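In: Next comes the sequence, and after it the predicted model I'd like to discuss.
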Amino acid sequence: MAGVLIFSENNGLALELLTAANSLNATAVSACVINNDEQAQALASRGIQVYAVKNNDLLMADVGAIATAVTQVADKAGADTVLLASNRRGKELAGRLAQAMNAGCLTDVAALSIEGDKILCQRNALGGATVATQCIDAANKVIAIRPRIFEAAAEGGTGAVDEIAVDVKKSGVTVLAFKPRAGEDVDIEAAEVLVVVGQGLNSQDDLPAVEELARKLGGEVACSKPVATDKKWLSEERIIGLSGKKCKPQLAILMGISGQVQFTVGIRDAKTIVAVNSDENATINQMADYIITADLHDVVAQMNQKLG
């Protein structure tokens with residue numbers, strides 16, 4: 001492997017990508033940073049070479065132009081592998097970058113390992129029913145890794161920040177304004193504790209007690225898809241599963257969840273899973289570390305009482 005280049009506009013995700021890159025035993029690890037001095041210094045303080053692009057014509061909204069810039073930086077760095085974050089923008093960038101680099105591409109990667117000169121990537125397959133191990137045979141590789149799979153790289157070492165010029169056309173995209181996305185400002189992927197409700201919840205009137213429990217535990221409320229899309233009890237930002245978020249909390253308390261694979265693919269990486277269900281044979285129990293067979297409404301009330 002000639003070298004690995006990492007890129008993400010998000011400072012935290014860039015540090016996670018650095019940890020992933022360091023696990024690959026590459027001859028060199030470097031980073032591409034675009035119009036972000038803070039990120040450049042943070043990565044350099046982790047002991048790597050940082051290529052800083054400063055170009056006011058480059059807009060993050062113009063993914064095609066960003067792909068062109070990252071391709072040129074990868075060539076300068078001698079990198080045959082580029083690691084990106086597998087969020088919405090990262091996935092779009094991965095496809096464009098793979099085309100520009102004539103590279104193979106994998107997204108939603110949940111684990112990396114090395115076997116000889118191959119990078120083995122683990123990804124969900126068959127709608128989340130199983131995990132496949134795949135690799136890219138092409139000489140150049142673009143790999144997008146799911147957020148929160150790797151820890152953020154710790155400070156240590158002294159790297160260098162070198163400005164690099166890239167040849168990109170003035171963007172055809174004009175940003176008129178930045179507006180917050182409609183909906184709740186909640187990030188369940190960042191939560192260390194999640195209280196997750198499914199269709200076993202009787203009524204929307206029962207949600208305040210669940211929200212109280214999540215608040216006392218220092219966490220967030222999340223849900224299965226039907227609770228948000230069919231019943232409209234919670235916003236779609238709180239959906240866990242194949243069509244929602246993939247979360248990796250320290251603790252997940254699953255209330256009234258049956259255990260369909262479309263849901264479990266989004267929570268199975270939680271460190272500790274507690275399943276609360278009145279059905280002792282519920283499928284969700286197969287993946288739980290602790291099982292409480294009881295009415296979830298009684299459990300929520302008792303937990304709130306115990307927590308004070």
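Out: All right, it came through fine.
In: Tell me which stretches of the chain form helices.
Out: Counting by DSSP state H, the chain has helices at residues 11-22, 37-44, 63-77, 88-101, 207-216, 225-229, 261-264, 296-307.
In: For A31, which of the ones you listed is the nearest?
Out: helix 37-44 (4.7 Å; Cβ to Cβ). Glycine gets a C-beta too; all of them are placed from N, C-alpha and C.
In: quick one: low-confidence parts of the stretch 1-150 of the chain?
Out: 1 (pLDDT under 70).
In: One more pass at 90, please.
Out: 1-2, 25-27, 56-61, 88, 117, 124-131, 147-149 (pLDDT under 90).
In: any idea how far the closest residue to L201 other than its chain neighbours is from N124?
Out: Distances taken as Cβ to Cβ, 6 or more residues apart in numbering place G256 nearest to L201, at 5.2 Å, with adjacent residues excluded. Noted for G256: a distance of 24 Å to N124, by Cβ to Cβ, to the nearest Å.
In: Same drill for those two, tell me which one is more crowded.
Out: G256 (27 against 20; other Cβ atoms under 10 Å).
In: contacting residues for that one?
Out: Going by Cβ atoms under 8 Å, 6 or more residues apart in numbering, G256 touches V197, G198, Q199, G200, L201, V276, N277, L296.
In: can you give me the strands in the stretch 101-250 of the chain?
Out: Along the stretch 101-250 of the chain, the stretches classed as strands by DSSP state E, counting those that start in this stretch are 104-109, 111-115, 118-125, 130-134, 141-145, 160-163, 193-197, 220-223.
In: okay, those strands in TSV with distance to A94 next?
Out: Shown next, in TSV, are these (distance: least, Cβ to Cβ, whole Å):
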stretch	distance to A94
strand 104-109	5
strand 111-115	15
strand 118-125	12
strand 130-134	14
strand 141-145	4
strand 160-163	25
strand 193-197	27
strand 220-223	26
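In: Select, out of those, the one closest to N87.
Out: Comparison of these against N87 by Cβ to Cβ identifies strand 141-145 as nearest, at 8.3 Å.
In: Identify all contacting residues around that closest one.
Out: Applying Cβ under 8 Å, 6+ apart, the contact partners of strand 141-145 are 16-17, 20, 80-86, 90-91, 94, 97-98, 101, 103-110, 112, 119, 121, 136.
In: picking that back up, Serialize the helices of the chain to JSON lines and add fields for mean neighbour count and distance to I239.
Out: Shown next, in JSON lines, are the helices of the chain (neighbours: other Cβ atoms under 10 Å; distance: least, Cβ to Cβ, whole Å):
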{"stretch": "helix 11-22", "mean neighbour count": "22", "distance to I239": "21"}
{"stretch": "helix 37-44", "mean neighbour count": "18", "distance to I239": "30"}
{"stretch": "helix 63-77", "mean neighbour count": "21", "distance to I239": "25"}
{"stretch": "helix 88-101", "mean neighbour count": "19", "distance to I239": "14"}
{"stretch": "helix 207-216", "mean neighbour count": "17", "distance to I239": "15"}
{"stretch": "helix 225-229", "mean neighbour count": "18", "distance to I239": "5"}
{"stretch": "helix 261-264", "mean neighbour count": "20", "distance to I239": "9"}
{"stretch": "helix 296-307", "mean neighbour count": "15", "distance to I239": "19"}
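In: so which of the ones you listed comes closest to E189?
Out: Closest approach to E189 among these (Cβ to Cβ): helix 11-22, 10.9 Å.
In: Check which helices and strands the closest one is in contact with.
Out: strand 4-6, strand 29-34, helix 37-44, strand 81-85, strand 141-145 (3 or more Cβ pairs under 8 Å, 6 or more residues apart in numbering; DSSP states H and E).
In: hmm, who's touching it?
Out: By Cβ under 8 Å, 6+ apart, the residues outside helix 11-22 that reach it are 4, 6-8, 29, 31, 33, 36, 38-39, 42-43, 46, 48, 83-85, 87, 90, 112, 145, 147-153.
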